[in-house]
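J.: okay, predicted coordinates and the sequence, questions at the end:
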Number of protein chains: 2
Amino acid sequence: MDIDALRTFLAFVDTGSFTRAAQQVCRTQSAVSMQMKKLESDVANPLFVKQGRQLVLSNAGIQLASYAKQLIALHDEAYKQLKTSAGQVRIRLGCPDDYALSILPKITELLHQLIEQLDLQITCASTTELKNQLDQGLLDLIIATRSPSSEEGYFLHASSGVWVKSKEFSYHRDMTLPIAIFMRDCKFHQAAIEGLLKTERQFKVIGCCSSLSALDALVKNHLAIGAIAEISKAESLIIIDDPSLPALPAVDIVLLLANHTHNPISQTMVKQLAEQFVNQDKLVKPPA
Amino acid sequence: MDIDALRTFLAFVDTGSFTRAAQQVCRTQSAVSMQMKKLESDVANPLFVKQGRQLVLSNAGIQLASYAKQLIALHDEAYKQLKTSAGQVRIRLGCPDDYALSILPKITELLHQLIEQLDLQITCASTTELKNQLDQGLLDLIIATRSPSSEEGYFLHASSGVWVKSKEFSYHRDMTLPIAIFMRDCKFHQAAIEGLLKTERQFKVIGCCSSLSALDALVKNHLAIGAIAEISKAESLIIIDDPSLPALPAVDIVLLLANHTHNPISQTMVKQLAEQFVNQDKLVKPPA
DNA sequence: ACATTACATCAATTAAACTGATGTATTATA
DNA sequence: TATAATACATCAGTTTAATTGATGTAATGT
């Protein structure tokens, strides 16, 4: 199937007529007629059915219309991108929402230092989702969490899980805990729930949040205490120092590179990037 | 950009050589060379850089590789679909997971009665997600919930929210309630949480489930009581009749049709389908 | 009945793609 | 260091495909 013919086909879908489609794609009516005939023979199915002297889409035609729209959209996106990115290195970076404020800015800065003419595309999603997209080749590089025991990726930062509250929230040990946690695919979700169930302590889940900003909003408005990584803590929030609360796991934050053969950024560069990050990180927060 | 040229391009990405790419696409080396030259002039960017007597992908080339893979994959999927579906009507039906057991079978049966040579593609996801896909033209028809006050879609069934438990689960009024609920985008999630907070009753959220089967599993294993639509209730479960539990809202289950101009199924057919469903539904469960 | 609209078809033309031979630069070999 | 081999580029000729403009056919409107 030819991109050009599909575009003509969509012009017909749009106008309902070969004659008007021809105008739209700047060809003659007979050219359109022949293009569509070829398309029909390509897919070995009639795409149109006669209705009086008009043509309307057949069932196969309706199916093709949906596909053609997606194909042309993807084609045009690719084309536009390629034409406008002369000499640029495009890197598609994924970052979990909860590290967007803390980790992302430095990574962005280091990437720009490392690569001239950088065209950085940033996607926020959960670590699970980001890993999927990395595997599918839709991302080149992601910031992700791993268990400290694991060896995958390039180490950036270690952060322990903490319980946080707003200054105004009056916390005492025997209250029913209103808690705000991330969705199930977050390491802290399970640890918090399971930990609390073991303590026999009363609690209410105020919200299962899919983003740090949502969770932050609940905590900042004194509706709940939150279970997050220490590095994700907003300045205005306070870590709750209560050993009777279940411990939350420590996580490593790492850089994960897609294993495409052709990657805009190499293993060596990512390694270098991670090392630079760790060095700067030490200067800011000297190890205890 | 030509599909054929992109395929050749991917053959180069694969093999790293024009000569071998030529073999892969059954052309001569010079044909490949010229195709790639045209592709480069199309995107007005060099796709390759010399490395000795070899060529390797440029930055633009790396970008195109990712796009080309997606484009060819989509093209081939469309092509395959079109070729194999001679005379078939393909309908992409979306169904929320929690109505898959109750509503979906009848709808499927009625669709097959209504349409000969039906090629039915069924997707399960949350109502919100399904509506998105419907708007994007990725689905033709979905089963969805609406508030009973709303008028959207074609009515299928009214169901009230109920609290359910397993037979073995010993429920009494002053226990701390272990509850299993759907994710936030479900109408029962908010109603359950907010309702319980108002009652001042102690509860623990055992799980925020994204599917009925997950929620069912928790309830059937006596780990929690669940908040679901009555129609989603498995036979082995029991409705908890306790007025002190917060009331869960009633929902209408409806059929929603995409408003593409070219839809494989028409408004009239969907209307007819919904009416047939309602009639059969009455016979099975006469109104109180 | 006659004009009009809409698509199909045909032959001629135009444009594009492919081949096979040859050229140029690089790398391996002896 | 000559020589062979490898890899891509280029060119001219050929083949293939697409487009045009004119004409044909069928349905619809006046």
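T.: Sure thing, it's come through.
J.: C-alpha only now, for contacts and for neighbours.
T.: Noted.
J.: next SSE downstream of the helix or strand of chain A with the lowest mean pLDDT?
T.: The weakest-scoring helix or strand in chain A, judged by mean pLDDT, DSSP states H and E, is strand A:203-209 (a mean of 83). Downstream of strand A:203-209, the first helix or strand assigned by DSSP states H and E is helix A:212-220.
J.: state the distance from the residue of the stretch 101-250 of chain A found nearest DNA strand D to A:I91.
T.: Across the stretch 101-250 of chain A, the shortest distance to DNA strand D (CA to the nearest atom of the strand) belongs to A:G137, at 24.1 Å. According to CA to CA, to the nearest Å, A:G137 and A:I91 sit 12 Å apart.
J.: then A:S232?
T.: For A:S232, the distance to A:I91 - CA to CA - is 24 Å.
J.: ditto for A:D97
T.: For A:D97 relative to A:I91 (CA to CA), the value is 18 Å.
J.: where does the residue in the stretch 51-200 of chain A positioned nearest to chain B land in three-state SS?
T.: The minimum distance from the stretch 51-200 of chain A to chain B, using CA to the nearest CA, falls at A:K83 (5.2 Å). Put simply, A:K83 is helix when judged by DSSP: H, G, I helix; E, B strand; the rest coil.
J.: in space, what's closest to it - neighbours in sequence excluded?
T.: B:V43 (5.2 Å; CA to CA, 6 or more residues apart in numbering or on different chains).
J.: show me the contacts for the one you found.
T.: Counting by CA atoms under 8 Å, 6 or more residues apart in numbering or on different chains, B:V43 makes contact with A:79, A:82-83, B:1.
J.: which pLDDT value belongs to the residue nearest to A:L101 when sequence neighbours are not counted?
T.: In this structure, A:L101 finds its nearest non-sequential neighbour in A:S232, 7.4 Å apart by CA to CA, 6+ apart. A:S232 is assigned 92 on the pLDDT scale.
J.: hang on, A:S232 packs against A:D98?
T.: Yes. Assessed by CA atoms under 8 Å, A:S232 is found in contact with A:D98 at 6.0 Å.
J.: out of the two, which sits in the more crowded spot?
T.: Between A:S232 and A:D98, counted using other CA atoms under 10 Å in any protein chain shown, A:D98 has the larger neighbour count: 25 against 19.
J.: which secondary structure state does the more buried one sit in?
T.: From three-state DSSP, the assignment for A:D98 is helix.
J.: A:G137 now?
T.: Looking at A:G137 with three-state DSSP, the answer is coil.
J.: and it, how many neighbours?
T.: Look at A:G137: counted by other CA under 10 Å, it has 19 neighbours.
J.: and chain A, what are its domain boundaries?
T.: A:3-84, A:145-288 (automatic domain parsing).
J.: OK, contacts around A:K271?
T.: Taking CA under 8 Å, 6+ apart, we find A:K271 in contact with A:Y154.
J.: of all residues in the stretch 101-250 of chain A, which one is closest to DNA strand C?
T.: A:I115 (25.4 Å).
J.: now that residue, nearest residue through space, not along the chain?
T.: Using CA to CA, 6+ apart, the closest residue to A:I115 is A:V89 (7.7 Å).
J.: my read is that that neighbour contacts A:D119, right?
T.: Yes. Using CA under 8 Å, A:V89 is in contact with A:D119, at 5.7 Å.
J.: of these two, who's got more company?
T.: Neighbour count, other CA under 10 Å: between A:V89 and A:D119, A:V89 has more, with 20 against 15.
J.: mind listing what that one touches?
T.: Here A:V89 is in contact with A:115-119, A:264, B:59-60 (CA under 8 Å, 6+ apart).
J.: burial count for A:R53?
T.: Burial of A:R53 is recorded as 5 neighbouring residues (other CA under 10 Å).
J.: which of the contacts of A:V89 are buried? Put it as a PyMOL command.
T.: Per 16 or more other CA atoms under 10 Å in any protein chain shown, the buried members of the contacts of A:V89 correspond to this PyMOL selection:
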select buried, (chain A and resi 118+264) or (chain B and resi 59+60)
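J.: now the phi/psi pair for the residue of the stretch 101-250 of chain A closest to DNA strand C, please.
T.: Main-chain torsions, A:I115, degrees, to the nearest 10: phi -130, psi 120.
J.: what residue ranges in chain A score low on pLDDT?
T.: A:285-288 (pLDDT under 70).
J.: how about the helices in it?
T.: For chain A, the helices defined by DSSP state H cover A:3-15, A:18-24, A:29-43, A:59-84, A:104-114, A:127-135, A:187-199, A:212-220, A:267-284.
J.: make a markdown table from the ones you listed and add distance to B:M183 to it.
T.: What follows is the helices of chain A, written out as a markdown table (distance: least, CA to CA, whole Å):
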| stretch | distance to B:M183 |
| --- | --- |
| helix A:3-15 | 39 |
| helix A:18-24 | 46 |
| helix A:29-43 | 43 |
| helix A:59-84 | 30 |
| helix A:104-114 | 28 |
| helix A:127-135 | 17 |
| helix A:187-199 | 14 |
| helix A:212-220 | 15 |
| helix A:267-284 | 36 |
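J.: neighbours of A:K220, how many?
T.: 21.
J.: swap in A:F12?
T.: Neighbourhood size, A:F12 [other CA under 10 Å]: 24.
J.: same deal with A:H260?
T.: Count around A:H260 with other CA under 10 Å applied: 13.
J.: next, the contact list for it, please.
T.: By CA under 8 Å, 6+ apart, the contact set of A:H260 is A:G137.
J.: and it, its phi and psi?
T.: Dihedral angles (degrees, to the nearest 10) for A:H260: phi -70, psi 150.
J.: next one: A:I240
T.: Backbone geometry at A:I240, expressed as degrees, to the nearest 10, gives phi -80, psi 120.
J.: near DNA strand D too, which of the contacts of A:V89?
T.: Contacts with DNA strand D within these, counted by CA under 7 Å from any atom of the strand: none were found.
J.: would you agree A:Q121 is in contact with A:L93?
T.: Yes. At 5.9 Å, A:Q121 counts as touching A:L93 under the criterion of CA under 8 Å.
J.: is the residue nearest to A:I115 bridged to anything, and to what?
T.: Note on A:V89: beta-bridge partners by DSSP bridges are A:L118.
J.: separation between it and A:E116?
T.: 8 Å.
J.: contact partners of stretch A:127-135?
T.: A:94-96, A:124, A:139-145, A:185, A:257-259.
J.: pull out the buried residues from it.
T.: For stretch A:127-135, by 16+ other CA under 10 Å, it's A:127, A:130-131, A:133-134.
J.: give me the distance between the residue of the stretch 51-200 of chain A found nearest DNA strand D and A:V162.
T.: The minimum distance from the stretch 51-200 of chain A to DNA strand D, using CA to the nearest atom of the strand, falls at A:G52 (3.3 Å). Going from A:G52 to A:V162 by CA to CA gives 72 Å.
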